[in-house]
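**Q** no letters, just coordinates:
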């Protein structure tokens, strides 16, 4: 939509490293991978475009929603971190795989884990 993200290095919405470390510790037995998310204004739609996003950003997945939350949090001085549960692949639309039921099940597990009181 043309909204500027801000003067962030590489146009990356900054996450709070301490918060992400805490989230990583809380979810260490559940998360298969931890890494950057590519904020996109539209999903790739082709394998070639998906590869370009991955090569340019080093991201594990594409996402649209988190950037707006991160931007507002940054402007308000509130720590921001993002946990994504991926429900579908990107790339060529006719070969995408979707599993919303599994994604919602995993999301429920993650929320349950994050709601547990931390000891130590």
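**A** Yep, that arrived. Just so it is clear, the structure is predicted and the values come from calculations on it, not from any experiment.
**Q** which residues does residue 23 contact?
**A** 81, 83, 114 (CB atoms under 8 Å, 6 or more residues apart in numbering). Any C-beta I mention is one placed from the backbone N, CA and C, and that applies to glycine too.
**Q** let's see that with 6 Å instead.
**A** For residue 23, the contacting residues are residue 81, by CB atoms under 6 Å, 6 or more residues apart in numbering.
**Q** helix/strand/coil for it?
**A** helix (DSSP: H, G, I helix; E, B strand; the rest coil).
**Q** how about residue 79?
**A** coil.
**Q** so what touches the longest helix seen in the chain?
**A** Taking DSSP state H as the criterion, the chain has its longest helix at helix 100-115. Contact partners of helix 100-115, identified using CB under 6 Å, 6+ apart, comprise 26-27, 85, 87.
**Q** partners of residue 98 in the sheet?
**A** Assessed by DSSP bridges, residue 98 has beta-bridge partners residue 88.
**Q** was I right about residue 63 contacting residue 36?
**A** No - using CB atoms under 6 Å, residue 63 is not in contact with residue 36, being 10.2 Å away.
**Q** what does the average pLDDT come to for stretch 109-120?
**A** For stretch 109-120, mean pLDDT rounds to 79.
**Q** starting at the chain centroid, how far to it?
**A** When distances are taken as CA atoms, centre = their mean, to the nearest Å, stretch 109-120 is centred 19 Å away from the chain's centroid.
**Q** give me the buried stretch members for that stretch, please.
**A** Neighbour counts using 16 or more other CB atoms under 10 Å place residue 110 of stretch 109-120 among the buried residues.
**Q** helix or strand with the lowest mean pLDDT in this protein?
**A** When the helices and strands of the chain are scored by mean pLDDT, DSSP states H and E, strand 37-39 comes last with a mean of 76.
**Q** how far off centre is that one?
**A** Worked out by CA atoms, centre = their mean, strand 37-39 lies 6 Å from the chain centre.
**Q** and if you look at stretch 87-94?
**A** 16 Å.
**Q** pLDDT weak spots in the protein?
**A** 1-12, 41-43, 118-120 (pLDDT under 70).
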